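In: need a structure here:
(one chain, ligands or ions: 2)
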Amino acid sequence: MSDCLFCKIVSGDIPSSKVYEDENVFAFNDISPMAKNHWLFIHKEHTKNANEMANENPEHLLDIFKAISVVTSDHGVVENGYRVITNCGPDAGQTVFHTHFHVLSGEKLAGFGAK
Ligand code: AMP
Ligand code: ZN
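Out: Residues are numbered from 1 along each chain as shown. Ligands and ions are numbered 1, 2, ... in the order given. I've put the predicted structure just below:
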């Protein structure tokens, strides 16, 4: 998608702080971190949200979660734990419409579920 921010990050047209890359997946530091480690995992092939990915390219979910497993293991955060979030649609506050998974770690995270 020519005017998608995260497609431009994958292509290198917009700079990012890369933490991981393989043939399918790209991960980088969130520009506005909500935890000590705040990484965004995206597939190189554009879909707009998790439902579109699950319906049109379900294998992309495996690619993403395998990459999350590699990066969290490499950073030694698996034992203490980490959180994966995907915001899908306006009520969730999705602002970038290229499917992405936030991975938060490196500190005790605030309780989840407050409105
Ligand atoms: P969401 O609100 O779930 O759509 O998340 C979009 C995320 O992208 C936010 O956490 C932003 O801080 C992050 N973000 C926006 N632009 C950039 C950028 N150029 N580099 C890294 N992260 C970004
Ligand atoms: Zn895109």
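In: in what helix or strand does residue 83 lie?
Out: strand 82-85 (DSSP states H and E).
In: residue 51 against residue 86, yeah?
Out: No - the pair residue 51 / residue 86 is not scored as a contact, 9.8 Å apart, by CB atoms under 8 Å. From N, CA and C alone the C-beta is placed, and that goes for glycine too.
In: those two: which is more packed in?
Out: residue 86 (16 against 13; other CB atoms under 10 Å).
In: how much space between that one and residue 79?
Out: 24 Å (CB to CB, to the nearest Å).
In: before we move on, what about residue 18?
Out: For residue 18, the distance to residue 79 - CB to CB - is 25 Å.
In: of these two, which one has the most company?
Out: Set side by side, residue 18 and residue 79 show more neighbours around residue 18, with 13 against 7, by other CB under 10 Å.
In: check contacts around the more buried one.
Out: 26-28 (CB atoms under 8 Å, 6 or more residues apart in numbering).
In: can you list the residues of the protein near ligand 1?
Out: 5, 14, 16, 28, 30-32, 40, 87, 93-96 (CB under 6 Å from any ligand atom).
In: buried subset of those residues?
Out: 16, 28, 30, 40, 87, 94 (16 or more other CB atoms under 10 Å).
In: in JSON lines: the residues you listed, plus pLDDT, secondary structure and distance to ligand 2.
Out: Listed next are those as JSON lines, based on pLDDT from 0 to 100; DSSP: H, G, I helix; E, B strand; the rest coil; distance: CB to the ion, whole Å:
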{"residue": "16", "pLDDT": "98", "secondary structure": "coil", "distance to ligand 2": "13"}
{"residue": "28", "pLDDT": "98", "secondary structure": "strand", "distance to ligand 2": "13"}
{"residue": "30", "pLDDT": "98", "secondary structure": "coil", "distance to ligand 2": "16"}
{"residue": "40", "pLDDT": "98", "secondary structure": "strand", "distance to ligand 2": "12"}
{"residue": "87", "pLDDT": "97", "secondary structure": "coil", "distance to ligand 2": "15"}
{"residue": "94", "pLDDT": "97", "secondary structure": "coil", "distance to ligand 2": "13"}
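In: all set now, cheers.
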